[in-house]
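Engineer: Sequence and predicted model, in that order:
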Amino acid sequence: MSFLNWPVEQTILSQRAQQTRKRLALELLDRFGRTFAGINYQLLWESSTINSQAWRLGCELYVTVYGGLIRHPKITTAGLGLIVAHETGHHLGGLPFDPDLPWLTWQGQADYWAAAIGMNKVFGPRARVMTLRGARQIFELHKDFADHLEDDEPDLCPECRHLIFMAGLDNKGMPACAKNALAMIGGKFPN
């Protein structure tokens, strides 16, 4: 675990596999950067942290992806694409906002936006297949780290996040588990 209680990679890939993953990640981040020009996408390749994050500095919007996530054996381009779409959704997903960080779209809404809008803009006709694969990979990854992420994301369990991705993908309403989770942390959905 890192100092923020984020998981760190345990498996070291071969040099060739690392080079391939780094190239694919940079291509994907470039694709997102061209699609969502107002956001700065960056890769911290040397970091062993298995995470990503949306943040801002003044008016500048950022999405950072850490090397440990890129190198994780359960994550392919589909999973990484949905993760980057989720982080983009923190900036562009709209209401509801996070009760503690009011400039940031809440986790569940970022998931929904990623599946409903973000993936379509980046992957076009391949978006549905990529989202389904990515959602499964994220579900498995979150299950592995659920105990460690409890303090970081207490409001959404892996099963609920998967339901949110599926609801966004099919343009259905936000699932009850998400509404309940947001209410537990003092937030509410707009009317």
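Structural biologist: Right, received. Where do you want to start?

Engineer: Can I get the helix or strand bottoming out on mean pLDDT in the chain in CSV? Just the C-alpha atoms.
Structural biologist: Sorting the helices and strands of the chain by mean pLDDT, DSSP states H and E puts helix 127-149 at the bottom, at a mean of 87. Extracted in CSV, the C-alpha atoms of helix 127-149 (Å, rounded to 0.1, in the frame of the first residue of the first chain):
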residue,chain,number,x,y,z
ALA,A,127,-17.8,1.6,-27.4
ARG,A,128,-20.4,-1.0,-26.2
VAL,A,129,-18.0,-3.9,-26.5
MET,A,130,-15.2,-1.9,-24.9
THR,A,131,-17.4,-0.8,-22.0
LEU,A,132,-18.7,-4.3,-21.3
ARG,A,133,-15.1,-5.7,-21.2
GLY,A,134,-13.8,-2.7,-19.2
ALA,A,135,-16.6,-2.9,-16.7
ARG,A,136,-15.8,-6.6,-16.1
GLN,A,137,-12.1,-5.8,-15.6
ILE,A,138,-12.8,-3.0,-13.2
PHE,A,139,-15.2,-5.1,-11.3
GLU,A,140,-12.5,-7.8,-10.8
LEU,A,141,-9.9,-5.2,-9.9
HIS,A,142,-12.2,-3.5,-7.4
LYS,A,143,-13.1,-6.9,-5.8
ASP,A,144,-9.4,-7.6,-5.3
PHE,A,145,-8.9,-4.2,-3.6
ALA,A,146,-12.3,-3.8,-1.9
ASP,A,147,-10.9,-4.1,1.6
HIS,A,148,-8.1,-1.6,0.9
LEU,A,149,-10.4,0.9,-0.9
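
Engineer: What count of nearby residues applies to F123?
Structural biologist: Neighbours of F123 under the rule other Cβ atoms under 10 Å: 21. C-beta here means a position set from N, CA and C on the backbone, and glycine is covered the same way.

Engineer: SS state for it?
Structural biologist: At F123 the chain is in helix, as set by DSSP: H, G, I helix; E, B strand; the rest coil.

Engineer: T64 sits in which helix or strand?
Structural biologist: T64 is part of strand 60-66, with elements assigned from DSSP states H and E.

Engineer: Name the residues that touch that strand?
Structural biologist: 25, 29, 32, 38-44, 47-56, 80, 83-84, 87-88, 91 (Cβ atoms under 8 Å, 6 or more residues apart in numbering).

Engineer: What mean pLDDT does that strand get?
Structural biologist: When pLDDT is averaged along strand 60-66, the result is 97.

Engineer: Now the element after it, going C-ward?
Structural biologist: Remark: after strand 60-66, the chain's next helix or strand is helix 67-71, criterion DSSP H and E.

Engineer: With just CA atoms, put the helix or strand just after that following helix into CSV.
Structural biologist: Using DSSP H and E, the helix or strand that directly follows helix 67-71 along the chain is helix 77-92. The C-alpha coordinates for helix 77-92 follow below in CSV (Å, rounded to 0.1, in the frame of the first residue of the first chain):
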residue,chain,number,x,y,z
THR,A,77,-7.1,-1.3,-23.2
ALA,A,78,-10.9,-1.8,-22.6
GLY,A,79,-10.5,-1.5,-18.8
LEU,A,80,-8.1,1.4,-19.0
GLY,A,81,-10.4,3.2,-21.5
LEU,A,82,-13.3,2.9,-19.1
ILE,A,83,-11.1,4.1,-16.2
VAL,A,84,-9.9,7.1,-18.1
ALA,A,85,-13.5,7.8,-19.2
HIS,A,86,-14.6,7.6,-15.5
GLU,A,87,-11.9,10.1,-14.5
THR,A,88,-13.0,12.4,-17.4
GLY,A,89,-16.5,12.0,-16.0
HIS,A,90,-15.4,13.6,-12.8
HIS,A,91,-14.8,16.7,-14.8
LEU,A,92,-17.6,16.6,-17.3
